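> Quick one: sequence plus predicted model below, questions after.
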Amino acid sequence: MSTHLFQYKPYDYRYEYDYVFAGAGAASMSLLLRMLVSGRFSNSTFLVVDKDRKDNNDRTWCFWEKEDGFFEKLVYKSWDHLWFHSPGFSKKYKIKPYRYKMIRGIDFYSFCIDYLKKQQNVQLLFEPVQRIETLKEGARLTIENGEVYHAKKYIFNSIPFDQPKEAPGKHMLLQHFKGWVIETETDFFDPAACTLMDFRISQEHGASFVYTMPLTTRKALVEYTLFNEGLLKEEEYEDGLKSYMRDFLKLDQYTILEKEFGIIPMTNRVFDAGKGNIVNIGTAGGQTKPSSGYTFQFIQRHSDEIIYSMLNHGRPRPTQESHEGRFMFYDSVLLDVLVHKELGGAEVFTKLFKRNSAQRIFRFLDNQTWIPEELLLISSLPVGPFLRAAKRQMF
């Protein structure tokens, strides 16, 4: 039996709404809450469907931002300084006007779901989604038990039903990570500065680094991250974390409070924006930065673009895509370098951080630099490997 918050009124389709959201993660919540707080959709009805009740801390989003963001009240911790480490190079960066921010998954889900439960025109359904289909009028969603829900206008989908197709020059890497929130018995961490990347660890599995986010003087999130084609065994992630804390943090005594694991696609393959009355959002809609895996801020930007398009043009189809044009080319070239092992990730990012400010790198990774600034960044990288990768991508 489906888990409904209150009684539904049946239609020719089993149930009918103006908008249906397939998935209840960051992308769906970011867009839906914007629609609701805009005040322009008070006469619309919404359904959100996800197999997961979102009642555990399954992930942590970290991102940089200049101003207060839409979810500013959910920021758990932020930093004005960050460290970059690699063999033979370490530097602490002052990143103002940016702040590096952390939002915990459980805080995000709890806030959003509590807000939605207070809205009379929103319903939540915790069931696995089997399929979605666009129709001549609206679209429909079918859950695993066969029940059908009709969206009179649009389905916003964040579930990756279809993987982007392979094509010449298109690469697929995985960013996969295992993180521990640890606590020490005595003061150990500097909560004023985080470590964005530490490449001093073994690179035997490909581009590998650890980031450390101090939450207090005694508590921190330490995450072992890799960019490559395949996952490791469970014990390899654990060994990587233990080794890092022993060899680089010089930390032997600690308590593991929480664990998290995640996989993010890093690909220049083209994601389908959605057909007809289905709009793909989040990673399913191509909002993950191909060369870095950063997603949260691109979701926020995409949500703003969708809302603007709906209110001004009557359709949820932004004319400007975040990962098109020259920035997609830059991403493709870097992926090509990593896939062909022309350079290691440690060497690439060390060159960038040695010769550029953190602010310039942030703007570049946000797809917000101008060409003169991009030329400065490109000139800080080894010419040969990137030129060969660029030729492969062009031809």
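That came through fine. Numbers count the residues shown, from 1 in each chain.
> Could you look up the SS state of Arg131?
Secondary structure assignment for Arg131 (DSSP: H, G, I helix; E, B strand; the rest coil): strand.
> how about it, what does it touch?
Arg131 sits next to 141-142, 161 when contact means Cβ atoms under 8 Å, 6 or more residues apart in numbering. For the C-beta atoms, the positions are set from N, CA and C on the backbone; glycine is no exception.
> and what of Gly206?
Contact analysis of Gly206 by Cβ under 8 Å, 6+ apart lists 226-229, 338, 344-345.
> Determine which two of those residues are furthest apart.
Spanning the widest gap among the contacts of Gly206 are Glu229 and Gly344, at 14.6 Å by Cβ to Cβ.
> Who has more neighbours out of these two?
Neighbour count, other Cβ atoms under 10 Å: between Glu229 and Gly344, Gly344 has more, with 18 against 11.
> Relative to Lys351, how far out is the more buried one?
Relative to Lys351, Gly344 is positioned 11 Å away (Cβ to Cβ, to the nearest Å).
> same thing with Glu234?
Glu234 is 33 Å from Lys351, by Cβ to Cβ.
> among the contacts of Arg131, which ones are buried?
The neighbour count (16 or more other Cβ atoms under 10 Å) marks 141-142 as buried among those.
> quick one, what contacts the residue nearest in space to the middle of the chain?
The centroid of the chain falls nearest to Thr295 when counting by Cα atoms, centre = their mean (2.6 Å). When the contact criterion is Cβ under 8 Å, 6+ apart, the partners of Thr295 are 26, 61, 264, 282-283, 287-289.
> still on that earlier bit, make a markdown table out of the contacts of Arg131 and add pLDDT.
Below are the contacts of Arg131 laid out as a markdown table (pLDDT from 0 to 100):
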| residue | pLDDT |
| --- | --- |
| Leu141 | 97 |
| Thr142 | 96 |
| Phe161 | 90 |
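> Mark which of the contacts of Arg131 are part of strands, please.
141-142 (DSSP state E).
> would CSV of the contacts of Arg131 with distance to Asp252 be doable?
Shown next, in CSV, are the contacts of Arg131 (distance: Cβ to Cβ, whole Å):
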residue, distance to Asp252
Leu141, 51
Thr142, 53
Phe161, 46
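> ok so, going back, please read off the pLDDT at the residue nearest to the centre of the chain from the model.
Per-residue confidence at Thr295 stands at 96 (pLDDT).
> Count the residues that sit near Glu67.
Neighbour tally, Glu67, other Cβ under 10 Å: 8.
> residues of the helix or strand containing Ser303 that come out buried?
Here Ser303, judged by DSSP states H and E, is contained in helix 296-313. Burial within helix 296-313, assessed by neighbour count using 16+ other Cβ under 10 Å, is assigned to 296-303, 305-307, 309-310.
> can you check stretch 30-41 too?
So for stretch 30-41, counting by 16+ other Cβ under 10 Å, buried means 30-36, 41.
> swap in stretch 269-287?
269, 271-272, 274, 277-287.
> With stretch 45-52 instead?
In stretch 45-52, counting by 16+ other Cβ under 10 Å, buried: 45-50.
> any idea which of these is closest to Asn157?
Of the buried residues of stretch 45-52, the one sitting nearest to Asn157 (Cβ to Cβ) turns out to be Val49, at 10.1 Å.
> I'd say that closest one and Ile143 touch.
Yes. At 6.6 Å, Val49 counts as touching Ile143 under the criterion of Cβ atoms under 8 Å.
> For the residue nearest to Asp50 when sequence neighbours are not counted, report the pLDDT, please.
Nearest residue to Asp50, sequence neighbours excluded (Cβ to Cβ, 6 or more residues apart in numbering): Ala24, at 3.6 Å. The model reports Ala24 with a pLDDT of 97.
> What of Arg14?
Confidence score, pLDDT, at Arg14: 52.
> now swap in Val270 and tell me
On pLDDT, Val270 comes in at 88.
> repeat for Pro164
pLDDT, Pro164: 83.
> how about low-confidence regions in the protein?
By pLDDT under 70, the weakly predicted segments of the chain are 1-14, 320-324.
> can you give me the helices for the stretch 1-150 of the chain?
Using DSSP state H, counting those that start in this stretch, the helices of the stretch 1-150 of the chain run over residues 26-37, 105-117.
> Quick one: work out the angle between the shortest one and helix 296-313.
Which is helix 26-37. Relative orientation of helix 26-37 and helix 296-313, computed by axes from the mean of the first three to the mean of the last three Cα atoms, to 10 degrees: 40 degrees.
> can I get the buried residues of helix 296-313 in a markdown table with distance to Ser379?
What follows is the buried residues of helix 296-313, written out as a markdown table (distance: Cβ to Cβ, whole Å):
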| residue | distance to Ser379 |
| --- | --- |
| Phe296 | 30 |
| Gln297 | 26 |
| Phe298 | 26 |
| Ile299 | 31 |
| Gln300 | 31 |
| Arg301 | 28 |
| His302 | 31 |
| Ser303 | 35 |
| Glu305 | 32 |
| Ile306 | 36 |
| Ile307 | 38 |
| Ser309 | 37 |
| Met310 | 41 |
